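Undergrad: predicted structure and sequence below. I'll ask about it afterward.
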Amino acid sequence: MKKQPEITNATRKKIIDSFWMLLQEMEIEKITVNQISEKAGIHRSSFYRYYSDIYAVFEEFEHQLLTSISTEIEEIRKDIVTKDLKKYINKTATVLIKYADKLYRLLNNSCGEGLKKKLLENLRRNIMIMFDLSDSQEDIDYYVTFIGTMMLMNLNYWYERQDQYTYQEINAKGQMIVEEGLMKLQMQEKSNVID
């Protein structure tokens, strides 16, 4: 007899939620299947019906987080009619702040490098579409990676000092540095098209 989809989804959610609670307390390497099963209120054997190990849970957790962030960031890009980098960065920052707890914990964990790479690729794709930039353009990877890295670095810096600064204050400093470089790049792209 097959389990009802609602039961399956509810059990997966319990496992993911329990993983997140434990990840807030310790590094991923220290989390055990027994700990997750106990927190989720399931048997250890039930865990293995859904996931092969802790890292499979991590991958699912990361996938859910990235999907949520990517969807929201893509909507921001579609909503911004003018090519306004400041507006895009500010609106994207609100998405990152919304997920700050999870992002901070994951990006500062031993498995965070993969997440950072995926986030940067998503930001890169959206920025290139928004500003009509091409892969062939000189220094594009540097500029776009710089913007994404700056946003994640700002998030990390703000998260550790929330009582001292707002994210907007920290982000504004980085924007001043970025705007000049990207605007210059966009002008070069337009002049190449004219030539």
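TA: Thanks, I have the structure now. Numbering: from 1, shown residues only.
Undergrad: tell me the SS of the most centrally placed residue in the chain?
TA: Ranked by distance to the mean C-alpha position of the chain (CA atoms, centre = their mean), the top residue is residue 119 at 4.6 Å. Secondary structure, DSSP: H, G, I helix; E, B strand; the rest coil: residue 119 is helix.
Undergrad: so it touches residue 152, yeah?
TA: Yes - with contacts counted by CB atoms under 8 Å, residue 119 reaches residue 152, the gap being 6.6 Å. All C-beta atoms are positioned from the backbone trio N, CA, C, and that covers glycine.
Undergrad: now do the contacts for the residue nearest to the centre of the chain.
TA: Contact analysis of residue 119 by CB atoms under 8 Å, 6 or more residues apart in numbering lists 66, 69, 103, 148, 152.
Undergrad: got it, and residue 166?
TA: Residues near residue 166 by CB under 8 Å, 6+ apart: residue 158.
Undergrad: so residue 135, which state does it fall into?
TA: Under three-state DSSP, residue 135 comes out as coil.
Undergrad: residue ranges with poor pLDDT in this structure?
TA: Applying pLDDT under 70 to the chain flags the ranges 1-7, 81, 136-138, 177-190, 192-195.
Undergrad: mind checking how far the residue nearest to the centre of the chain is from residue 173?
TA: Taking CB to CB, to the nearest Å as the measure, residue 119 and residue 173 are separated by 21 Å.
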